[in-house]
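Chemist: Everything below, folded, please.
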Amino acid sequence: MRLLFGILFVLSLMLLGTPPEKAHAAAVPKLEVSGWIPYWRAASGTLDAFNNLDTLTEINPFGFGVSSDGQITDPMHINEEHWVSLITAAKQKKVRVIPTVMWSDGAAIHRILSTTESRIELEDSITALVIASGFDGIDIDFEGKYAETRPYFSTFLKGLYQRMGKKWVMCTIEARTPLSSRYEGTPPPGAGIYANDFVAINKYCDRVRLMTYDQGSIDVQLNAANNGPYVPIADSKWVEKVVKLTAQTIPKRKLVIGIATYGYEYTMTPRTEGYRYNLVSAFNPGYARELVEKFHLTPVRNSAGELNMTYITDVPPPPIANPLNLPVASAQTKAMGTLSIAWWSDAKAVADKIALAKKLQVRGVALFKIDGGEDPDLWNAVRKR
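Modeler: I've put the predicted structure just below:
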C-alpha cells in the first residue's frame, strides 16, 4: 500500500510537470518537534507536555520495556490518569502519540530476535498494543545490541513495518561519529562494524531519531581543538558531522536530531594534555542554579555552545592545632578540595540545535527529555522555530 501510494504520488507530479525532488525542495515542511516524557518523572513530565502541546508535533511516552522472555512491560503505567489526560488532549490537538519501546539487554535482544517464533511474537505484541491503545505508532529504541544481531533486528523491523500498516514506525538509533573523528590514526580492527543496518532502517522506519547527545570525549578532533575543559553534551559541530554521515544512507527528510535538555557534573583530574573526567551524576538545569548560589559562580558559554562552570568541592577544614604531632586524617592535610565541572544544555543550546536542524533541512528535532526540569526558556526557543 505504501509503495502504491508513492508510485501514484510520483506519477501525479510527472503529469503536473514537476519532478518530485523539485517539489520537495520547493515545499520544505515545517520542522517537526517531538519529545520523550520519562516514566520516572511522569507526573511533572505529562503536565509539562500538556502545557506546551501547541508547540509539539508528537509526544513519546517513555516508555514500554521488554522482559528477558520477550514480553512487553509497562513501567510507566500508561493507564494512570496523568497519561490518559495528556493522550486525550494530544489527540484533540492532532499531536501524534507514539510511545517508545526501550530495550537494552543485548543478550536477550539477540536471543528473542534470532528465533523466528519469538521474533514474530514480539512483532505481533507491539502491533496489538498500538492498535488496542489507539496510538499513532511506535518508537523502537533497542540499545546495546550485538553486531551479530544486525540481520535479525533488520528482519524484526521489516516484520513490524508490514504489520503496522498505516501506523508510524519510528526508530531511535545511535549517533554515529565518523571514524576519522573517533580515532587518532588508523582505526582499530572492528571499527565500523555496527549492530544497526542503516539501509534496512531507512527502508522500514518512517522517522529516524538520532541520539545526538552524550558526546563526551568521543570526537578526538574536537577534543584536540579545545584546550580548556571540554566534555560537551552535544557540540553543534559534532552533531553536524553525525547528520552528514547518516544522511549518506538515510535521507534527511526522515532524520530527526535528538536534543538534550539536561547536563552532567564531573570531577576533573588534570593530565599532561587535558583532563580526566569522572562522572558524578546527571542533572536538570535547576541544579546548576543551586550551584551558582552555593559557590557564587557565573556560568560561561563554551565552545560547544552550551553552559559550564568549574568549582572546588569538598574543601577541607582549616588545620587543627596539633602541638604533639599526633596523626591526623589525610583529608585534613589536603591543600585544596576536588576540582569539579558542571556542563549542561540550556535554552540557547537548544535554539542553536533547532537552527542547525533547519540549516541541514532534516525533518525535525526530538527533545530528551520533557519532564518539567528543563530550562524554563526552552519552550520559547521551540515556539520561535
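Chemist: in the stretch 251-385 of the chain, what spans have low per-residue confidence?
Modeler: Within the stretch 251-385 of the chain, the ranges that satisfy pLDDT under 70 run 315-336.
Chemist: First-to-last residue distance for stretch 243-252?
Modeler: 8 Å (C-alpha to C-alpha, to the nearest Å).
Chemist: what's the answer for stretch 107-125, then?
Modeler: End-to-end distance for stretch 107-125, by C-alpha to C-alpha: 20 Å.
Chemist: Would you mind listing the buried residues in it?
Modeler: When neighbours are counted by 16 or more other C-beta atoms under 10 Å, the buried residues of stretch 107-125 are found to be 108, 109, 110, 111, 112, 113, 114, 119, 122, 123. C-beta coordinates here come from the backbone N, C-alpha and C atoms, glycine included.
Chemist: for stretch 192-205, same thing?
Modeler: Those would be 195, 196, 197, 198, 200, 201, 202, 204, 205, for stretch 192-205 by 16+ other C-beta under 10 Å.
Chemist: follow-up on the earlier one: pipe the buried residues of stretch 107-125 into a markdown table and attach secondary structure, distance to residue 281 and pLDDT per row.
Modeler: Listed next are these as a markdown table, based on DSSP: H, G, I helix; E, B strand; the rest coil; distance: C-beta to C-beta, whole Å; pLDDT from 0 to 100:
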| residue | secondary structure | distance to residue 281 | pLDDT |
| --- | --- | --- | --- |
| 108 | helix | 28 | 98 |
| 109 | helix | 28 | 98 |
| 110 | helix | 31 | 98 |
| 111 | helix | 33 | 98 |
| 112 | helix | 33 | 98 |
| 113 | helix | 33 | 98 |
| 114 | coil | 36 | 98 |
| 119 | helix | 37 | 98 |
| 122 | helix | 34 | 98 |
| 123 | helix | 37 | 98 |
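Chemist: Make CSV out of the residues you listed and add distance to residue 142.
Modeler: Formatted as CSV, the buried residues of stretch 107-125 follow (distance: C-beta to C-beta, whole Å):
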residue, distance to residue 142
108, 10
109, 6
110, 10
111, 13
112, 10
113, 9
114, 13
119, 12
122, 10
123, 13
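Chemist: about what we covered before: let me know the closest of the buried residues of stretch 192-205 to residue 164.
Modeler: Nearest to residue 164, judged by C-beta to C-beta, of the buried residues of stretch 192-205 is residue 204 at 9.6 Å.
Chemist: what about the helices in the protein?
Modeler: Counting by DSSP state H, the chain has helices at residues 2-15, 20-26, 42-51, 81-92, 106-113, 116-133, 150-164, 179-182, 198-204, 220-225, 236-246, 285-295, 347-360, 378-383.
Chemist: quick one on the thing from earlier: now pLDDT and distance to residue 41 too, for the buried residues of stretch 192-205, in JSON lines please.
Modeler: Output for the buried residues of stretch 192-205, formatted as JSON lines (pLDDT from 0 to 100; distance: C-beta to C-beta, whole Å):
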{"residue": "195", "pLDDT": "98", "distance to residue 41": "29"}
{"residue": "196", "pLDDT": "98", "distance to residue 41": "28"}
{"residue": "197", "pLDDT": "98", "distance to residue 41": "34"}
{"residue": "198", "pLDDT": "98", "distance to residue 41": "32"}
{"residue": "200", "pLDDT": "98", "distance to residue 41": "34"}
{"residue": "201", "pLDDT": "98", "distance to residue 41": "29"}
{"residue": "202", "pLDDT": "98", "distance to residue 41": "33"}
{"residue": "204", "pLDDT": "98", "distance to residue 41": "31"}
{"residue": "205", "pLDDT": "98", "distance to residue 41": "27"}
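Chemist: Out of those residues, which comes closest to residue 42?
Modeler: Distance ranking of the buried residues of stretch 192-205 against residue 42, using C-beta to C-beta, places residue 205 first at 26.3 Å.
Chemist: nearest residue to residue 243 other than its sequence neighbours?
Modeler: Nearest residue to residue 243 in three dimensions, chain neighbours excluded: residue 360, at 5.4 Å (C-beta to C-beta, 6 or more residues apart in numbering).
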